[in-house]
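[1] Here is the input, now give the coordinates:
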Amino acid sequence: MAKAIDYQPEPAKIGPDAHEELARLLETLHQHGVLRLANDLVAANNAVAKVLVQGLQREGSLNVMQNIAVIFLALSSLPPDKVYKLAFGLRDMADALSEQDTDSEEKAPGVQGAWKMLQDDELWQALTPLFRGMRAFSRRMAQPVDKPISAHTGKPSDA
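    Take a look at the predicted model:
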């Protein structure tokens, strides 16, 4: 009696294998000059590092890095729901400010209109958060700051 042949056919090739993809990536990087740029950067690493260090030592560059750090510190102390409200509130405010109502011929309210506005509870409800925010902003602007990071961390600054 004959023995059964154990044969597993190779699966049909659907797409390129990993080696072919790598060769294609390498060729694409070469065609677009990325490999040449990487080789030049590696070959000139001392000169590139010197230019970067000199650029980062400028006062303007240091200010940019410190300002970005301060912005990140401020954002890190805010919960995402407040940032969401602030960002989209600013967007809605910008939309409202840019709308031009050409059909409306609103005139100045006059003394009586101003008096009515002062008595409008809904208007005061809407303006109260704005006044609170302006008060908090004014208090923060009045505080002297030697070094922003020191003010945030509470560590004394090196003079």
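[2] Would you map the helices across the chain?
    Ranges of helices within the chain are 18-31, 34-43, 45-56, 59-76, 80-98, 110-118, 121-142, 148-153, based on DSSP state H.
[3] Can you say which of these is packed in most?
    Of the helices of the chain, the one with the most neighbours on average (mean count of other Cβ atoms under 10 Å) is helix 148-153, at a mean of 14. (Glycine included, C-beta is placed from N, CA and C.)
[4] Now do that one, average pLDDT.
    Averaged across helix 148-153, the pLDDT comes to 64.
[5] still on that earlier bit, between the helices of the chain, which one is nearest to K3?
    Ranking the helices of the chain by their distance to K3 (criterion: Cβ to Cβ) puts helix 18-31 first, at 36.4 Å.
[6] Now find how far off-centre that closest one is within its chain.
    In terms of Cα atoms, centre = their mean, to the nearest Å, the centre of helix 18-31 is found 34 Å from the chain centre.
[7] quick one: that helix to helix 34-43, angle?
    Helix 18-31 runs at 70 degrees relative to helix 34-43, counting by axes from the mean of the first three to the mean of the last three Cα atoms, to 10 degrees.
[8] Remind me what helix 18-31 packs against, helices and strands.
    Applying 3 or more Cβ pairs under 8 Å, 6 or more residues apart in numbering; DSSP states H and E, we find helix 18-31 packed against helix 34-43.
[9] other SSEs contacting the helix it packs on?
    Partner elements for helix 34-43 (3+ Cβ pairs under 8 Å, 6+ apart): helix 18-31.
[10] which residues sit against the helix it packs on?
    The contact list for helix 18-31 (Cβ atoms under 8 Å, 6 or more residues apart in numbering) reads 16, 35-36.
[11] From L41, how far out is T28?
    The spacing between T28 and L41, counted by Cβ to Cβ, to the nearest Å, is 19 Å.
[12] Against R36, how distant is A43?
    From A43 over to R36 the distance is 10 Å, taken as Cβ to Cβ.
[13] ok, now D146?
    Applying Cβ to Cβ, the value for D146 to R36 is 48 Å.
[14] just how off-centre is stretch 67-77 within its chain?
    11 Å.
[15] CA atoms only for that stretch - export them in PDB, please.
    What follows is stretch 67-77, C-alpha atoms only, in PDB (Å, rounded to 0.1, in the frame of the first residue of the first chain):
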ATOM      1  CA  ASN A  67       7.600  81.000  27.200                       C
ATOM      2  CA  ILE A  68       6.700  77.600  25.900                       C
ATOM      3  CA  ALA A  69       7.500  76.100  29.300                       C
ATOM      4  CA  VAL A  70       5.300  78.600  31.000                       C
ATOM      5  CA  ILE A  71       2.400  78.000  28.600                       C
ATOM      6  CA  PHE A  72       2.800  74.200  29.200                       C
ATOM      7  CA  LEU A  73       2.800  74.800  33.000                       C
ATOM      8  CA  ALA A  74      -0.300  76.900  32.800                       C
ATOM      9  CA  LEU A  75      -2.100  74.300  30.600                       C
ATOM     10  CA  SER A  76      -1.000  71.400  32.800                       C
ATOM     11  CA  SER A  77      -2.800  73.000  35.700                       C
END
